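Asks: any chance you could fold what I've pasted below:
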Amino acid sequence: MRLTILGGGGFRVPLVHGALLRDHAAGRVTHLTLHDLDPARLAAVARVLADQAADVPDAPEVRTTTDLDDALRGADFVFSAIRVGGLAGRAADERVALAEGVLGQETVGAGGIAYGLRTVPVAVDIARRVARLAPEAWVINFTNPAGLVTEAMAAHLGGRVIGICDSPVGLGRRVARVLGADPRSARLDYVGLNHLGWLRGLYVGEQDVLPRLFDDERLLTSFEEGRLFGAEWLRSIRSVPNEYLHYYYFNRETVAAYQQAEQTRGAFLHDQQARFYDEMAHPATPALRAWDRTRAEREATYMAENREAAGAGEREADDLESGGYENVALALMRAIARDESATLILNVPNGSAPGGGRTLSALDSAAVIEVPCRVDATGPHPLPVSQLTGHEAALVSAVKAVERSVLEAAESGSARAAVRAFALHPLVDSVNVAGRLLDGYRAVHPGLGYLTKS
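Replies: Prediction:
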């Protein structure tokens, strides 16, 4: 089986390769193509992969290329893990937003909108090329904002593009463990959009054991989300939110923490990864050791500002375990390529439920949502979930309206639609601020120069 990774010079590619090396079954990936626009980053990552594979006799054959069409031809699966504008672009997204007193995180609020506006046109071009050059390939989208980008690509690839994220996997695993359930067999009632979802039930057999969590103070504060959101708030909403909802529920505190931080997350990662790639420019650098050291630092500092705002303290050992997006991707490929049935939380169109019905009544059929799916050789099939109500339904509907405005702006070049996207977001509190955000982002991102039409 042939796999292509777009963004193949990215720092997290060795995680995917590590998962491939653990797969020795028939039908595994035998050829891996890494595509990136930066040949130096490609060379660095290829060295890490060579170190990883040193003692694995059936490791996939790895090749690198900077030619996108060459990378796509003959692929059975395509992983899209691009970052338009790089980490420098992410850091700029954060600075522009914080200067206006709003959140600049890369998938949430103003930063997520800016990232989407410059990423969607590139993702659409990739989707069109896949449809032309590798029409039988399945595209697995890692690119953030994952739900938005998946919806943009689905307009050209239909159900052959699937978005993945490791946040729901990690959340479900942590909650299952504290409740004494086996994370591998527990059934999760998880529903929402990417980085905007809630765990509303956890079933062992036919019994929902999640209510036990809210009645036990010790259990409720024994895992990352419990410490992040606080026991009182989780009891109030009777669900466990995805960690990214901390930006919504505690927005003022988080923005203040970001403004007071020595560096934003994007700036930290930009500097950290620049050091790694600089190190890798020296042939004598032990590639895998340098990558492992950098990754450990990256994981330990994840969402540090949010934990500071919540008083949640340092991450515990269990929380430092990889969220597992590479394992989700591998399980997804296996299920499709080998017809090995699997249940995974994925980003898929709302209308792709069996029989063509809508999974969430609050959204239209084309809306990409994040829910548990049963996957087989024909692709993912959303499972029944509890319907969103109250503030959850309102928040999901509002953010989906923002995403649709981003898609409109990206397709038409409409600056008016872009301003509307900023202004409609729940974390942007003024139409005037929305206009200044667009001006600020166009000033630092030449790629947004296409937003000129009314």
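Asks: and the host helix or strand of V255, what does it pack onto?
Replies: According to DSSP states H and E, V255 maps onto helix 251-260. Counting contacts by 3 or more CB pairs under 8 Å, 6 or more residues apart in numbering; DSSP states H and E, helix 251-260 packs against helix 86-99, helix 304-310. Every C-beta, even on glycine, is put in place using the N, C-alpha and C of the backbone.
Asks: mean pLDDT lowest where, among these?
Replies: Across these, helix 304-310 has the smallest mean pLDDT, namely a mean of 55.
Asks: center of the protein, which residue is that?
Replies: By CA atoms, centre = their mean, the chain has its centre lying nearest to C165, at 4.4 Å.
Asks: pretty sure that residue is in contact with V368, am I right?
Replies: No. Between C165 and V368 there is no contact, the gap being 11.6 Å when judged by CB atoms under 8 Å.
Asks: tilt between the helix holding V255 and helix 86-99?
Replies: If you take axes from the mean of the first three to the mean of the last three CA atoms, to 10 degrees, helix 251-260 sits at 120 degrees to helix 86-99.
Asks: can you list the weak-confidence ranges in this structure?
Replies: For the chain, the stretches with pLDDT under 70 are 301-323.
Asks: one more time with 90, if that's ok
Replies: The model of the chain has pLDDT under 90 over residues 25-27, 261-265, 296-327, 340, 352-357, 453-454.
Asks: in the chain, which helix has the most residues?
Replies: For the chain, the longest helix by residue count, based on DSSP state H, is helix 109-133.
Asks: would you map the helices across the stretch 1-150 of the chain?
Replies: Ranges of helices within the stretch 1-150 of the chain are 13-21, 39-52, 68-72, 86-99, 109-133, 146-157, based on DSSP state H, counting those that start in this stretch.
Asks: list the residues that contact both of C165 and V368?
Replies: 194, 347 (CB atoms under 8 Å, 6 or more residues apart in numbering).
Asks: the helix or strand hosting P168: which residues count as buried?
Replies: Using DSSP H and E, P168 maps to helix 167-178. Neighbour-count burial for helix 167-178 flags 167-176, 178 (criterion: 16 or more other CB atoms under 10 Å).
Asks: turn those into a markdown table, columns for distance to L438.
Replies: Putting the buried residues of helix 167-178 into a markdown table (distance: CB to CB, whole Å) gives the following:
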| residue | distance to L438 |
| --- | --- |
| S167 | 28 |
| P168 | 31 |
| V169 | 35 |
| G170 | 34 |
| L171 | 33 |
| G172 | 37 |
| R173 | 39 |
| R174 | 38 |
| V175 | 39 |
| A176 | 43 |
| V178 | 43 |
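Asks: which one among those residues gets closest to R2?
Replies: V169 (25.8 Å; CB to CB).
Asks: the closest one against I345, yeah?
Replies: Yes. Using CB under 8 Å, V169 is in contact with I345, at 6.6 Å.
Asks: quick one: common contacting residues for these two?
Replies: Contacts common to V169 and I345, judged by CB under 8 Å, 6+ apart, are V328.
Asks: residues near R129, how many?
Replies: Counted by other CB atoms under 10 Å, the residues lying close to R129 total 17.
Asks: pretty sure it sits against L68.
Replies: Yes. Counting by CB under 8 Å, R129 does reach L68; the two are 6.5 Å apart.
Asks: thinking again about what came up before, closest to E403 out of the buried residues of helix 167-178?
Replies: Checking the buried residues of helix 167-178 against E403 with CB to CB, the nearest one is S167 at 17.4 Å.
Asks: what's the distance between the spatially closest residue to that closest one that is not a sequence neighbour and E61?
Replies: Nearest non-adjacent residue to S167, counting by CB to CB, 6 or more residues apart in numbering: N242, 5.4 Å away. Per CB to CB, to the nearest Å, N242 is found 37 Å from E61.
Asks: who has more neighbours, the two?
Replies: Ranked by neighbour count (other CB under 10 Å), N242 and E61 place N242 first, with 22 against 11.
Asks: for the protein, what spans make up the strands?
Replies: When assigned using DSSP state E, the strands of the chain occupy the ranges 2-6, 31-35, 61-65, 77-80, 138-141, 161-163, 187-193, 196-204, 207-208, 240-241, 342-349, 368-376, 379-382.
Asks: elements contacting the longest helix of the chain?
Replies: Where contact means 3+ CB pairs under 8 Å, 6+ apart, helix 109-133 is packed against helix 68-72, strand 77-80, helix 86-99, strand 138-141, helix 146-157, helix 390-412, helix 415-424, helix 431-444.
Asks: can you redo those as a markdown table with mean neighbour count and distance to A123?
Replies: Formatted as a markdown table, the helices and strands packed on helix 109-133 follow (neighbours: other CB atoms under 10 Å; distance: least, CB to CB, whole Å):
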| stretch | mean neighbour count | distance to A123 |
| --- | --- | --- |
| helix 68-72 | 18 | 12 |
| strand 77-80 | 25 | 7 |
| helix 86-99 | 21 | 15 |
| strand 138-141 | 26 | 8 |
| helix 146-157 | 26 | 5 |
| helix 390-412 | 19 | 9 |
| helix 415-424 | 22 | 16 |
| helix 431-444 | 18 | 18 |
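Asks: can you add distance to A337 and give those back as CSV?
Replies: Shown next, in CSV, are these (distance: least, CB to CB, whole Å):
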stretch, distance to A337
helix 68-72, 18
strand 77-80, 8
helix 86-99, 32
strand 138-141, 9
helix 146-157, 17
helix 390-412, 30
helix 415-424, 37
helix 431-444, 40
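Asks: relative to I113, which of the ones you listed is closest?
Replies: Relative to I113, the nearest member of the helices and strands packed on helix 109-133 by CB to CB is helix 415-424, separated by 5.1 Å.
Asks: still on that earlier bit, how about the helix holding V255: buried residues?
Replies: Across helix 251-260, burial judged by 16+ other CB under 10 Å covers 251, 253-255, 257-258.
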